[in-house]
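S.K.: based on what follows, work out the 3D shape:
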Amino acid sequence: MSSSDTIFSSGVSEQRWADQISENFDNDFEVNVSDVPVSVFSVPKAIGAFKPEAYTPQVVALGPYHHFRTELYEMERYKVAAVQSFLNSRQIRNFQTLLIDKLKQLAPTIRACYHKYLDFDDNTLAWIIAVDGLFLLDLFNAYSDGVTGKKMTQNSILCRDIVILENQFPAILLKEIRKTLQLVVVDENDYDLELYNMLRAFCEEHSPLRLGVTSEHPADTKINPLHLLDLMYFSIINTRNAKAVPQESPSTEADVAVQSETNNQDLVLNLKDIMDVTLNLGIGGRALRPLQVINNLPWEKIYNLLGLKTDNTVDQANTPVVEEISIPSVTFLSSVAGVDFKPTGGIQDIEFNEREATLYLPVITLNGITEVFLRNLVAYEAAISNSSLELAQYVDLISGIIDTAEDATILIGKGIIKSELTSTEIVDLFNGMNKSSGNAGNGTIDKINEYLNKKPKVKAYRFWKNKVYDSWRVLTVLATILLLLLLILQSFCDVYGCQRFFGSSN
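M.R.: I've put the predicted structure just below:
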């Protein structure tokens, strides 16, 4: 069995797994992990395939998923230094007995937080959680204290890595670390309000979209975040009661197309094999001439004319193609359909007002790391089971209406986009975002398209454009057919000769 077929890297890993299962049975009555929610997921393959680097940390690993990657390990000494500055001398002297031993006892809880199997022994895992957790607490503490000038908080790549889906650190473990080191006094409901405020401060500083209004106490808003990304996501969509939506399998049309192209190319190869076999059997002459005509056809040119792929391009079908929703651009909606654009509050306030011919969109702030934030928020939304895909539908909408730099410029002028990026960079950002909401309906897009279908000016524009376009398509088809006939004639003449028909050897 290859290493890619198993969760284990060696026989030692298998024994460690058996020991952990045995220990879980022994500790079943001491530690109940059934109530511990799985909170740290892997990026869904259908999403991560489009831009893998957006879901991978660049400078710092938080938690066990990416901890021992060589290119990230240089950051360990900075994390240790941050931890030492965060703790007092007594806590540093008694670190092993005070925190590490406690976390080793909580190993089943730690493992229950992660969706993937963690191939570490309990001692290694405890040290990973202790160092990374204290490093994060030191960083978040700077936000809650309003110390945004601190060097670490101004590092955009570090902030980028903190929101990576696979880099999330369970809030329940941060709370345990704070309780163990006596950094906090929790209330009667076991809420750590200070920790919540630290996470919220980070979200307010870096969220690309407006966060929902929250009251003073998390219990009042029903928010007890699983981790930072969880808090940012549910603050953006402003609800914890998201409706469950079954996730459907992606369409297999591309697979069918690839199979069809492969079959076409296999036919040509089979013809060559048939000719070789018949020659070996002594069958030749005129019996093979029809096959020679077919074999001599310039199949690569024919494939190109028919829009099919040849052998050297079939592999490109395995590369994901960005799919966008069907909706006109901002420029078309504004200049042809007379639609206006106005900023509104948040995700839940998105609306197309047909009477006003106005599309209300939330204000979004763009910078060099916004794309990573959006992609990982959408990935988290896809990973959780109670997702309503509200954020994915918004991203689909904004990506669908931004096609050119002019589209971005219009939305900047309307105050909907606040950006450190150029209009061209904005276009590249959103045109690279694949349709994420699957087959879930988008009421706003449906209302816009229904409105456009009623507008006489839009109908006239589409009629004129379609007629001109269709006329060129007819000419293109006729020219293609003529060229195919000439190619077939050339192949026929190569085999049978055309002197008797055309009176020339040429």
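S.K.: residue ranges in the protein under the pLDDT threshold?
M.R.: 1-32, 145-154, 184-190, 214-223, 239-324, 386, 434-441, 459-479, 482, 495-506 (pLDDT under 70).
S.K.: where exactly do the strands run in this protein?
M.R.: 340-344, 351-353, 358-362, 364-366, 417-419 (DSSP state E).
S.K.: which elements pack onto the third one?
M.R.: The reference is to strand 358-362. On a contact count with 3 or more Cβ pairs under 8 Å, 6 or more residues apart in numbering; DSSP states H and E, strand 358-362 meets strand 340-344, strand 351-353, helix 390-401. Placement of C-beta: from N, CA and C, glycine included.
S.K.: next, the buried residues of the first one.
M.R.: For strand 340-344, a neighbour-count test (16 or more other Cβ atoms under 10 Å) marks Phe341, Pro343, Thr344 as buried.
S.K.: just the helices in the stretch 1-150 of the chain please.
M.R.: Under the criterion DSSP state H, counting those that start in this stretch, the stretch 1-150 of the chain contains helices at 11-26, 45-48, 76-86, 89-93, 95, 101-105, 107-112, 122-144.
S.K.: can you redo the ones you listed as JSON lines with distance to Leu231 and mean neighbour count?
M.R.: Below are the helices of the stretch 1-150 of the chain laid out as JSON lines (distance: least, Cβ to Cβ, whole Å; neighbours: other Cβ atoms under 10 Å):
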{"stretch": "helix 11-26", "distance to Leu231": "29", "mean neighbour count": "12"}
{"stretch": "helix 45-48", "distance to Leu231": "21", "mean neighbour count": "16"}
{"stretch": "helix 76-86", "distance to Leu231": "22", "mean neighbour count": "15"}
{"stretch": "helix 89-93", "distance to Leu231": "27", "mean neighbour count": "12"}
{"stretch": "helix 95", "distance to Leu231": "28", "mean neighbour count": "19"}
{"stretch": "helix 101-105", "distance to Leu231": "23", "mean neighbour count": "17"}
{"stretch": "helix 107-112", "distance to Leu231": "20", "mean neighbour count": "21"}
{"stretch": "helix 122-144", "distance to Leu231": "11", "mean neighbour count": "21"}
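S.K.: closest one to Leu489 among those?
M.R.: Of all the helices of the stretch 1-150 of the chain, helix 45-48 sits nearest to Leu489, with 47.0 Å by Cβ to Cβ.
S.K.: which helices and strands sit right next to that closest one?
M.R.: helix 370-383.
S.K.: which other helices and strands contact the helix it packs on?
M.R.: Under the contact definition 3+ Cβ pairs under 8 Å, 6+ apart, helix 370-383 sits against helix 45-48, helix 228-237, helix 390-401.
S.K.: ok, now with 6 Å
M.R.: Here helix 370-383 touches helix 228-237, helix 390-401, going by 3 or more Cβ pairs under 6 Å, 6 or more residues apart in numbering; DSSP states H and E.
S.K.: with mean neighbour count and distance to Thr444 added, can I get those in TSV?
M.R.: Formatted as TSV, those follow (neighbours: other Cβ atoms under 10 Å; distance: least, Cβ to Cβ, whole Å):
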stretch	mean neighbour count	distance to Thr444
helix 228-237	24	15
helix 390-401	23	6
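S.K.: can you say which of the helices and strands packed on strand 358-362 is nearest to Asp138?
M.R.: So among the helices and strands packed on strand 358-362, helix 390-401 is nearest, using Cβ to Cβ, at 29.7 Å.
S.K.: which strands and helices lie in contact with the closest one?
M.R.: Using 3+ Cβ pairs under 6 Å, 6+ apart, helix 390-401 sits against helix 370-383.
S.K.: quick one: contacts of the helix it packs on?
M.R.: 41, 43-44, 47, 54, 160, 163-165, 208, 229, 233, 387, 391-392, 395, 429, 436 (Cβ atoms under 6 Å, 6 or more residues apart in numbering).
S.K.: switch to 8 Å and redo it
M.R.: Helix 370-383 is contacted by residues 41-44, 46-48, 51, 54-55, 160, 163-165, 206-208, 229-230, 232-233, 236, 247, 364, 387, 389-392, 395, 429, 432-433, 436 when judged by Cβ atoms under 8 Å, 6 or more residues apart in numbering.
S.K.: that helix vs helix 390-401, what angle?
M.R.: Orientation check (axes from the mean of the first three to the mean of the last three Cα atoms, to 10 degrees): helix 370-383 against helix 390-401 gives 130 degrees.
S.K.: list the buried ones in helix 370-383?
M.R.: Result for helix 370-383 [16+ other Cβ under 10 Å]: buried residues 370-383.
S.K.: how near is the residue lying closest to Ser387 once chain neighbours are set aside to Phe202?
M.R.: Distances taken as Cβ to Cβ, 6 or more residues apart in numbering place Glu381 nearest to Ser387, at 4.7 Å, with adjacent residues excluded. Using Cβ to Cβ, to the nearest Å, one gets 19 Å for the distance from Glu381 to Phe202.
S.K.: likewise Glu354?
M.R.: Distance, Glu354 to Phe202, by Cβ to Cβ: 39 Å.
S.K.: look at the two and report which has more neighbours.
M.R.: Remark: of Glu354 and Phe202, Phe202 carries more neighbours, 22 against 13, as counted by other Cβ atoms under 10 Å.
S.K.: show the contacting residues for the more buried one.
M.R.: For Phe202, the contacting residues are Phe140, Tyr143, Ile162, Leu228, by Cβ under 8 Å, 6+ apart.
S.K.: do you know how far it is from Tyr196?
M.R.: Plainly put, Phe202 is 11 Å away from Tyr196 if you go by Cβ to Cβ.
S.K.: identify the bridge partners of the nearest residue to Asp340 once chain neighbours are set aside.
M.R.: Distances taken as Cβ to Cβ, 6+ apart put Thr358 closest to Asp340, at 4.5 Å, once the chain neighbours are dropped. Counting by DSSP bridges, Thr358 is bridged to Asp340, Asn353.
S.K.: hang on, isn't Thr358 packed against Pro343?
M.R.: No. Here Thr358 lies out of contact with Pro343, judged by Cβ atoms under 8 Å, at a distance of 10.9 Å.
S.K.: just confirm Lys51 contacts Gly432, I think it does.
M.R.: Yes. With contacts counted by Cβ under 8 Å, Lys51 reaches Gly432, the gap being 6.6 Å.
S.K.: give the contact list for the residue nearest to Asp340.
M.R.: By Cβ under 8 Å, 6+ apart, the neighbours of Thr358 are Val339, Asp340, Phe341, Lys342, Phe352.
S.K.: same deal with Ile92?
M.R.: Per Cβ under 8 Å, 6+ apart, neighbours of Ile92: Gln84.
S.K.: equivalent analysis for Phe68, please.
M.R.: Contacts of Phe68 by Cβ under 8 Å, 6+ apart are Ala61.
S.K.: if I look at it, how far off is Thr124?
M.R.: Phe68 is 9 Å from Thr124, by Cβ to Cβ.
S.K.: what of Glu71?
M.R.: Counting by Cβ to Cβ - Glu71 and Thr124 are separated by 20 Å.
S.K.: likewise for Ile325?
M.R.: Taking Cβ to Cβ as the measure, Ile325 falls 46 Å from Thr124.
S.K.: what separation do you get for Ile100 and Gly63?
M.R.: Taking Cβ to Cβ, one finds Ile100 at 16 Å from Gly63.
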